[in-house]
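S.K.: 3D, please:
(chains A and B)
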Amino acid sequence: GDSVTQMEGPVTLSEEACLTINCTYTATGYPSLFWYVQYPGEGLQLLLKATKADDKGSNKGFEATYRKETTSFHLEKGSVQVSDSAVYFCALSGKGAQKLVFGQGTRLTINP
Amino acid sequence: GAGVSQSPSNKVTEKGKDVELRCDPISGHTALYWYRQSLGQGLEFLIYFQGNSAPDKSGLPSDRFSAERTGGSVSTLTIQRTQQEDSAVYLCASSPGRRGLADRDTQYFGPGTRLTVL
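M.R.: Predicted coordinates for the structure are as follows:
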């Protein structure tokens, strides 16, 4: 079945550092790919998405590119802030409004 | 507009009791999903509705779990004879679900119901 593997956490960085959280997937067909973020005490929020190969999703300074050849969707940010501290989930869904399959989540802590 | 809402936000119950969790999706969204988030299992899919029918119930962990959706809108997840391992945050999400829409696959989540079974 479909699956998502995320970089093991937790990840701790200093403010203004560069961030990469790795995400790879296994799926039949051509899924849509998502990053969701969960801030402390809050629900899941969509951060960005990409629906086809070579698409780049971006939001709040974060970017991820749908790489079909490496089945990856790594999350990147050039300069992180303390307010980026959260748990980040990579996910996929098959075409046609199907269920999301999530990675295990990566807890990110940014120190001032 | 209004997002996905869930009630109650917290529910504490005794082992063996039945509980009902409610989800109000975003207006006009035809697809509705239930997930469970627990420490040991991460985020797990439970059930998916398209309109009032459930084409995918594959994630329901046992026959103690059931869900229904009425009027293509509100959904209720029912857990009968609750067990301690049912303790988790139950999340509801909705998506547009209609063909031809650019974001038909994008799911928007509610704040969740935290269920504690004593």
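
S.K.: next, count neighbours for residue 81.
M.R.: In the absence of a named chain, this looks at chain A. 13 (other C-beta atoms under 10 Å in any protein chain shown). C-beta: built from backbone N, CA, C; applies to glycine.

S.K.: that's the wrong chain, I meant chain B
M.R.: 11.

S.K.: distance of it from B:T116?
M.R.: The spacing between B:R81 and B:T116, counted by C-beta to C-beta, to the nearest Å, is 16 Å.

S.K.: and the residue lying closest to A:V4 once chain neighbours are set aside, what does it touch?
M.R.: Excluding the flanking residues, the one nearest A:V4 by C-beta to C-beta, 6 or more residues apart in numbering or on different chains is A:G103, at 4.0 Å. In this structure, A:G103 makes contact with A:4-6, A:23, A:89-91, B:42, judged by C-beta atoms under 8 Å, 6 or more residues apart in numbering or on different chains.

S.K.: could you redo the last one with a cut-off of 6 Å?
M.R.: Taking C-beta atoms under 6 Å, 6 or more residues apart in numbering or on different chains, we find A:G103 in contact with A:4, A:6, A:89-90.

S.K.: neighbour-wise, which one of those residues leads?
M.R.: Highest neighbour count within these, by other C-beta under 10 Å: A:C90, with 29 neighbours.

S.K.: bridging residues for that one?
M.R.: A:W35 (DSSP bridges).

S.K.: near chain A, anything from stretch B:2-22?
M.R.: No. Applying C-beta under 6 Å from any C-beta of the partner chain, one finds stretch B:2-22 separated from chain A by no less than 8.6 Å.

S.K.: what does chain A put close to chain B?
M.R.: Within chain A, the positions lying close to chain B (C-beta under 6 Å from any C-beta) are A:32, A:43-44, A:93, A:97, A:99-100, A:102, A:104.
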